[in-house]
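Enquirer: build the 3D model from these lines:
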Amino acid sequence: MARIELAAFLLAVCIAADAAAQPDIVLVNGKIVTVDGRSSVQQALAIRDGKIAALGGSAQIRKLAGSTTRVIDLGGRTAIPGLIDSHLHAIRAALSFTSEVNWIGARSLTEALGRISAAARAREPGAWLIVAGGWNELQFAERRRPTQAELEAVAPANPVYVQLGYGWVVMTHLGLAKLGINADADLPAGGKLERDSSGAPTGAITGGNNAIVALFDRLPRPTYAQQVDGTKAFFRELNRLALTGVVDPGGNNLFPADYQALFDVWRRGELTVRVAYSLNGQTAGREREELEQLTAMLPMGFGDERLKFNGLGERITLAMNNNPAPSDADKERYYEIAKWAAERGFALTMHWGPDSTVHHLLDVFERVNRDVAVAPLRWSIAHLNDASEQSLARMRALGVGWTVQDAMYFGGDALVRAQGPDAGKRIPPVLTGKRLGVAIGAGTDAHRVASYNPFTALQWFVDGKTVGGVAIRGPEETPSREDALRFYTLGSAWFSHDEDKRGSLEVGKLADLAVLSADYLTVPTAEIGRIESVLTLLGGKVVYSAAPFAP
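Expert: Numbering: from 1, shown residues only. Okay, the predicted model is just below:
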């Protein structure tokens, strides 16, 4: 009897060990674009315990499946590593995602106004209808902005606020009345009511970045429940577009309390995108004191594989933010914070515009580097669309990375009108950056100034065409599809110290991937922007599915 019991026990142990060795999921009969060092393409892969266990041919991988393995036949579809946006204001966008009206992807003004109308029918009279950005009039067939009268026609009982980038807003009469705006004096400093030829207000407001930010801050904020719902919904929306990771740079309109909905979703185990987030001070002149308080118990990298602290950004001091001619005092204050951050091992990312003034920032970085090595910290500069080879060489020498966005997709037409047809020939010079060895991550800077759709950005990288259909970039700085995908995966993972864990489909890495609705590598270039995911996995778990993989 004892021998029988021992044999049964050993058999059970063997069965359990065999089950433990079985993959949880295998994907077969696909085109697996690995983005590994050889840019290899495989047919199948196996996933166990949230990581990639094997890659190879379909027959080879299918043999690994056991009785408990879920086998998914991709039917020849293409799978890529989960995309990672290296500069997406995801936390801020998520807070209001379910309480805003989204014009991203609308192809006509009629369609956009229809979304306002639908929202008005779904909400109570008097509820705000807010379009916070992410659109451009050139995406519309009508090639123009909405008028106050059009907004009032589709939402007569609701205050409506529509923002374009950080320079223009239009509101209905009810919206203006709710905010107490009757004259220029009622607007934030720098704001101005637009008037028609007869001097009558049109409902539109113009102004600089600070004026529009301050105006937006006057709008009612979503409730905490709406913020939580919006956070979950927005990240599911990103999953639909093959995104499994974001590096959030902080920035305008984002205060410490605004992170709580994100933390709540994370604690519940409902976070479907990996988030590496930054913090920034909000009070001019007190940035260091605020950052010291915020990070006192928050070491660099604190968190887990779903959510972690990623340093400081994207506005380290207000005085240096969008300032083309900072004073010596401004730079000294910035240096003090940057050195403090370096001494504590913090990453740092800084928003910067034109190359003609970036020497102010690089001078500070080089000064810090003389005392504390910057390269291991993975500091970065965001935007810098017209980076010169000299500036990129200085960045490479420091080990400073470059997060590149598709800003010229919306902004390129205006650039060409203002500076001539050759103005955008080398914007952004990613192939120069690649040749010099600068770490490059791709992204969008959504959602106020751009669409969060990564395939819109990937198409822009590949064809250099604006939303208006104008090709402004030359072939000398146009990356291949493989290069663009690498920027959006492994490249972006570098900025959160994660390229050894994700960003490519290799054995031992996290099983973050997306199966696409069309083959990114072969679909006509003009159709790249229409690609979506039909199956998105995060750590081997399905976080989004559509036909034919929907339950």
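Enquirer: quick check: residue 250 is in a strand.
Expert: No: the assignment for residue 250, made by DSSP: H, G, I helix; E, B strand; the rest coil, is coil rather than a strand.
Enquirer: name the SS class of residue 161, please.
Expert: Going by three-state DSSP: residue 161 is strand.
Enquirer: so it touches residue 171, yeah?
Expert: Yes: counting by C-beta atoms under 8 Å, residue 161 touches residue 171, with 5.2 Å between them. From N, CA and C alone the C-beta is placed, and that goes for glycine too.
Enquirer: mind checking the end-to-end distance for stretch 232-251?
Expert: Length of stretch 232-251, first residue to last, C-alpha to C-alpha, to the nearest Å: 21 Å.
Enquirer: so the spatially closest residue to residue 456 that is not a sequence neighbour, which of the three states?
Expert: Distance criterion C-beta to C-beta, 6 or more residues apart in numbering; nearest residue to residue 456, sequence neighbours excluded, is residue 529 at 4.7 Å. Put simply, residue 529 is helix when judged by three-state DSSP.
Enquirer: and residue 214, which of the three is it?
Expert: helix.
Enquirer: center of the chain - which residue?
Expert: residue 88 (2.6 Å; C-alpha atoms, centre = their mean).
Enquirer: how about the contacts made by residue 237?
Expert: 97, 452 (C-beta atoms under 8 Å, 6 or more residues apart in numbering).
Enquirer: follow-up on the earlier one: and the residue nearest to the centre of the chain, how far from residue 304?
Expert: Distance, residue 88 to residue 304, using C-beta to C-beta, to the nearest Å: 20 Å.
Enquirer: surely residue 365 meets residue 374?
Expert: Yes: using C-beta under 8 Å, residue 365 is in contact with residue 374, at 6.1 Å.
Enquirer: what strand or helix carries the closest residue to residue 194 other than its chain neighbours?
Expert: Leaving aside its sequence neighbours, residue 194 sits nearest to residue 204 (C-beta to C-beta, 6+ apart; 3.9 Å). Secondary structure assignment for residue 204, by DSSP states H and E: strand 201-206.
Enquirer: buried ones in that strand?
Expert: Buried positions in strand 201-206, judged by neighbour count with 16 or more other C-beta atoms under 10 Å: 201, 203-206.
Enquirer: next one: stretch 146-160
Expert: 146, 148, 150-152, 154-155, 158-160.
Enquirer: from these, which is closest to residue 421?
Expert: Residue 421 lies nearest to residue 146 out of the buried residues of stretch 146-160, by C-beta to C-beta, at 29.6 Å.
Enquirer: contacting residues around the closest one?
Expert: So residue 146 contacts 109, 112-113, 162, 170 (C-beta under 8 Å, 6+ apart).
Enquirer: leaving out the residues flanking it, which one is nearest to the residue nearest to the centre of the chain?
Expert: residue 246 (4.6 Å).
Enquirer: for the one you found, phi and psi?
Expert: With angles defined as degrees, to the nearest 10, residue 246 sits at phi -140, psi 150.
Enquirer: measure it to residue 535 for me?
Expert: Separation of residue 246 from residue 535 (C-beta to C-beta): 20 Å.
Enquirer: of those two, give the one with the bigger neighbour count.
Expert: Taking other C-beta atoms under 10 Å, residue 246 and residue 535 do not tie; residue 246 has more neighbours (30 against 24).
Enquirer: before we move on, the earlier item: in helices, which of the buried residues of stretch 146-160 appear?
Expert: Judged by DSSP state H, helices contain the following of the buried residues of stretch 146-160: 148, 150-152, 154.
Enquirer: can you put those in CSV and add pLDDT and distance to residue 82?
Expert: As requested, those are exported to CSV (pLDDT from 0 to 100; distance: C-beta to C-beta, whole Å):
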residue, pLDDT, distance to residue 82
148, 98, 42
150, 98, 39
151, 98, 38
152, 98, 43
154, 98, 37
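Enquirer: and for residue 365 and residue 374, which residues touch both?
Expert: Common neighbours of residue 365 and residue 374 are listed as 398, 400 (criterion: C-beta under 8 Å, 6+ apart).
Enquirer: from the contacts of residue 146, pick the one nearest residue 83.
Expert: residue 112 (25.9 Å).
Enquirer: I'd like the distance from the helix or strand hosting the closest one to the chain centre, please.
Expert: Residue 112 is located in helix 109-122, with elements delineated by DSSP H and E. Relative to its parent chain, helix 109-122 has a centroid offset of 26 Å by C-alpha atoms, centre = their mean, to the nearest Å.
Enquirer: show me where the protein dips below the pLDDT cut-off.
Expert: Scanning the chain with the threshold set as pLDDT under 70 gives 1-20.
Enquirer: make it 90
Expert: For the chain, residues meeting the criterion pLDDT under 90 lie at 1-21, 209-210, 251-255, 281-282, 448-449, 550-551.
Enquirer: separation between the residue nearest to residue 456 and residue 348?
Expert: Distance from residue 529 to residue 348, counting by C-beta to C-beta: 32 Å.
Enquirer: cool, and residue 179?
Expert: Distance, residue 179 to residue 348, using C-beta to C-beta: 36 Å.
Enquirer: which helices and strands does the helix holding residue 112 pack with?
Expert: Under the contact criterion of 3 or more C-beta pairs under 8 Å, 6 or more residues apart in numbering; DSSP states H and E, helix 109-122 touches strand 129-131, helix 148-154.
Enquirer: list the buried residues for it?
Expert: Buried residues in helix 109-122 (16+ other C-beta under 10 Å): 109, 112-113, 115-117, 119-120.
Enquirer: show me where the stretch 151-300 of the chain has its strands.
Expert: Under the criterion DSSP state E, counting those that start in this stretch, strands of the stretch 151-300 of the chain are mapped to 160-164, 168-171, 192-195, 201-206, 243-248, 274-279.
Enquirer: for the last one, name the packing helices and strands.
Expert: When contacts are defined as 3+ C-beta pairs under 8 Å, 6+ apart, strand 274-279 packs onto helix 90-95, strand 243-248, helix 260-267, helix 287-295, strand 307-312.
Enquirer: give me the contacts around the second one.
Expert: Here strand 243-248 makes contact (C-beta under 8 Å, 6+ apart) with 82-91, 238, 273-278, 310, 349, 403, 441, 443, 454, 492-493, 495-496, 498, 502, 512-514, 536-538, 543.
Enquirer: among those, name the ones in helices.
Expert: Secondary structure from DSSP H places 90-91, 238, 454, 492-493 of the contacts of strand 243-248 in helices.
Enquirer: state the pair within the residues you listed that is farthest apart.
Expert: Farthest pair in the ones in helices among the contacts of strand 243-248 (C-beta to C-beta) is 91 and 493. Separation: 19.0 Å.
Enquirer: more neighbours: which of those two?
Expert: Shown here are residue 91 and residue 493; by other C-beta under 10 Å, residue 493 has more neighbours (27 against 23).
Enquirer: got a list of what the more buried one touches?
Expert: By C-beta under 8 Å, 6+ apart, the contact set of residue 493 is 84, 245, 441, 499, 501-503.
Enquirer: so how far is residue 349 from residue 89?
Expert: On the measure of C-beta to C-beta, residue 89 and residue 349 end up 12 Å apart.
Enquirer: and for the two, which residues touch both?
Expert: Counting by C-beta under 8 Å, 6+ apart, the residues touching both residue 89 and residue 349 are residue 249.
Enquirer: more neighbours: which of the two?
Expert: Legend: neighbour count by other C-beta under 10 Å for residue 89 and residue 349, higher for residue 349 (30 against 26).
Enquirer: is the more buried one in contact with residue 380, as I believe?
Expert: Yes: if you go by C-beta under 8 Å, residue 349 and residue 380 touch, sitting 4.6 Å apart.
Enquirer: list residues touching both of those two?
Expert: Contacts common to residue 349 and residue 380, judged by C-beta under 8 Å, 6+ apart, are 403, 495.
Enquirer: deepest in the core, which of the strands of the stretch 151-300 of the chain is it.
Expert: strand 243-248 (a mean of 29; mean count of other C-beta atoms under 10 Å).
Enquirer: hmm, back to that, okay if I get the buried residues of strand 201-206 as JSON lines plus distance to residue 520?
Expert: As requested, these are exported to JSON lines (distance: C-beta to C-beta, whole Å):
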{"residue": "201", "distance to residue 520": "47"}
{"residue": "203", "distance to residue 520": "42"}
{"residue": "204", "distance to residue 520": "39"}
{"residue": "205", "distance to residue 520": "40"}
{"residue": "206", "distance to residue 520": "39"}
